[in-house]
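J.: Give the three-dimensional model of this entry:
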Amino acid sequence: MQGRCCPIARCDNPDDTQVKAGEKLIKTWEFQNTGTCPWINYTVKSSGGDNINAPLSAPMPAALPKEKVQVSLELTAPAADGKYAGYFTLHNSNDEIVPIGLEKTFWVKFHCRRICNCPYCFRGQTRRHQVMETLAIAATVKMRIM
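T.: Model prediction:
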């Protein structure tokens, strides 16, 4: 059976990892060739999700049956705070999608947050930081008006 795959692990940056807005990150997945033919000229392709500066296509390392391989992609977190995801598919040398277990896609998911060194953010209280920042701006405006 050609083109069978089993996801082994998300090697780094597990789902919902927090990253700095605009930061570059490397995402690595490990897969096992569970088919009977070697993987030659296989590719990973971006298949949707948010704009995380993922390559449209990247080569997959060759793998013999039962062999495990890792593939890494360089991504860039968006500049705005929020939750983001990118989805990818594995393609054989005929550009057909190779199922990943029961799925057709695999993904990366992460959160972007502004990182600063104020005492509120340091304690993980970003909402309080926003309130304090708003009060500080309001106080500055009021002082300038007087």
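J.: All the helices of the protein, residue numbers only.
T.: For the chain, helices defined by DSSP state H occupy the ranges 119-122, 126-145.
J.: Mean pLDDT lowest where, among the ones you listed?
T.: For those, mean pLDDT drops lowest on helix 126-145, to a mean of 46.
J.: Can you pull the poorly scored residue ranges out of this protein?
T.: Flagging of the chain using pLDDT under 70 yields the residue ranges 1-13, 114-146.
J.: now do 50
T.: 1, 127-128, 131-146 (pLDDT under 50).
J.: okay, now the domains of it?
T.: Here the domain parsing of the chain from automatic domain parsing is 5-115, 116-146.
J.: Now tabulate these in TSV and tack on mean neighbour count.
T.: (C-beta placed from N, C-alpha, C; glycine too.) Shown next, in TSV, are these (neighbours: other C-beta atoms under 10 Å):
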stretch	mean neighbour count
domain 5-115	16
domain 116-146	11
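J.: Report the spatially nearest residue to Ala62, omitting neighbours in sequence.
T.: Ile40 (5.4 Å; C-beta to C-beta, 6 or more residues apart in numbering).
J.: no, scratch that, I was asking about Val19
T.: In space, Val19 is closest to Ala77, 4.7 Å off (C-beta to C-beta, 6+ apart).
J.: hang on, isn't that neighbour packed against Cys112?
T.: Yes - the criterion here is C-beta atoms under 8 Å, and Ala77 meets it with Cys112 at 4.9 Å.
J.: okay, and the common contacts of these two?
T.: Common contacts of Ala77 and Cys112, defined by C-beta atoms under 8 Å, 6 or more residues apart in numbering, comprise 19-21, 84.
J.: and those, which two are the farthest apart?
T.: Lys20 and Tyr84 (12.6 Å; C-beta to C-beta).
J.: got any residues that touch both of those two?
T.: By C-beta under 8 Å, 6+ apart, Lys20 and Tyr84 have these common neighbours: 77, 112.
J.: Now for the residue lying closest to Ala21 once chain neighbours are set aside: which residues touch it?
T.: Sequence neighbours aside, Cys112 is the residue nearest to Ala21 in space, at 4.4 Å (criterion: C-beta to C-beta, 6+ apart). Listed by C-beta under 8 Å, 6+ apart, the contact partners of Cys112 are 18-21, 77-82, 84.
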